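Trainee: Sequence unavailable; structure follows:
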């Protein structure tokens, strides 16, 4: 098996746990345990007599499904194991501490598998408990990439190269006085960049993506939504707005934002709290909608109207962009005798909004 194929299988397992349980399975069980489970599944499946048939290429999808199934089953068993400890605590040696008076023993762990008769519910509860413990342990530490645990040479008879660590684990805490803020970047998504000649509703933006390569693929957040003052009447009576993001396969994630600073340009809506800004990194392309507090789409008006209708839907000072690229106002057309075709489609640039997407560096 080629290294690229093994990496695709590793990514598929990660996506399964992220989409189904919203957990980072590599950080949960540890990179070494993850690679071991995948490697063992590959060796097991390809070691079966029926896997060595002449039609191995034609049977590749079937073999890959078997590998995914075996890997997921092994990871589930590992998570349910009573001996499983949070990998973050094992990843770094702790300095010796002065001996303290013995404290009373802590209460029972967050979850014990025997508490639930339903195996699926037991697994889910155990998973959530471990993920909560991991996040508490790593809340104050930045993320760095794992280094591959194996050399690039062949592994076993199948010639499997090393599996690069597919996601991130916690790094040591920064020295005192050193900034803990992660470096990131802001990607603006503009309503004026949508295909407005046929996607006329301003409250909906289609963003093709893709999400760029990042040091932490799970760091996808909504930094802010900017709505212009010219549309203030559309959101004046909602205490908060909801940004709904729909991706491939109708995957949906949402972020709630409350009204913040007002400027002469417009209003900034920010997440209600810092940790609430994160959304699921669902596959692109995305459809972004801005909703009011009752879940109904805000009425931000439409673009794609004809120039002959402009006087009834735009102010004389609104900046209008025609389908042929002319950028004018109603006042400037009159003052400068600019000719615009009556049937030219028009975008009102003064009534556009923006989503500021926050991504890891």
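Mentor: Done, it's in. Fair warning: this is a prediction, and the values are worked out from it, not measured in the lab.
Trainee: Confirm for me that residue 220 is in contact with residue 211.
Mentor: Yes. Using CB atoms under 8 Å, residue 220 is in contact with residue 211, at 6.8 Å. (Glycine included, C-beta is placed from N, CA and C.)
Trainee: Show me whatever sits in contact with both of the two.
Mentor: Listed as contacting both residue 220 and residue 211 by CB atoms under 8 Å, 6 or more residues apart in numbering are 281, 359.
Trainee: Would you mind telling me which of the two has more residues around it?
Mentor: A count of neighbours by other CB atoms under 10 Å puts residue 220 above the other of residue 220 and residue 211, at 21 against 15.
Trainee: So that one versus residue 18, what's the distance?
Mentor: Remark: distance between residue 220 and residue 18 (CB to CB, to the nearest Å) = 12 Å.
Trainee: host element of the residue nearest to residue 248 when sequence neighbours are not counted?
Mentor: Spatially, and ignoring its direct neighbours in sequence, residue 248 is nearest to residue 283 (4.0 Å; CB to CB, 6 or more residues apart in numbering). In the assignment (DSSP states H and E), residue 283 maps to no helix and no strand.
Trainee: contacting residues around residue 283?
Mentor: The neighbourhood of residue 283, defined by CB under 8 Å, 6+ apart, consists of 247-249, 251.
Trainee: Scan those residues and report the most crowded one.
Mentor: Neighbour counts for the contacts of residue 283 peak at residue 247, which has 18 neighbours (criterion: other CB under 10 Å).
Trainee: residue contacts, it?
Mentor: Counted by CB under 8 Å, 6+ apart, residue 247 has contacts 253, 282-287.
Trainee: can you rerun that using 10 Å?
Mentor: 207, 209, 253, 280-287 (CB atoms under 10 Å, 6 or more residues apart in numbering).
Trainee: Residue 350 reaches residue 316, doesn't it?
Mentor: No. Counting by CB atoms under 10 Å, residue 350 does not reach residue 316; the two are 11.1 Å apart.
Trainee: Give me the common contacts of the two.
Mentor: By CB under 10 Å, 6+ apart, the residues touching both residue 350 and residue 316 are residue 329.
Trainee: Quick check: neighbours shared by residue 220 and residue 18?
Mentor: Here residue 220 and residue 18 share the contacting residues 280-282, scored by CB under 10 Å, 6+ apart.
Trainee: Can you lay out the residues you listed as a markdown table showing pLDDT?
Mentor: As requested, the shared contacts of residue 220 and residue 18 are exported to a markdown table (pLDDT from 0 to 100):
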| residue | pLDDT |
| --- | --- |
| 280 | 91 |
| 281 | 89 |
| 282 | 89 |
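Trainee: need the contact list for the closest residue to residue 22 other than its chain neighbours.
Mentor: Closest residue in space to residue 22, ignoring its immediate chain neighbours: residue 280 at 7.2 Å, by CB to CB, 6+ apart. Residues in contact with residue 280 (CB under 10 Å, 6+ apart) are 18-19, 22, 218, 220, 245, 247, 251-254.
Trainee: what do you get for residue 244?
Mentor: Taking CB under 10 Å, 6+ apart, one finds 204, 252-255, 279, 286-291, 295, 297 in contact with residue 244.
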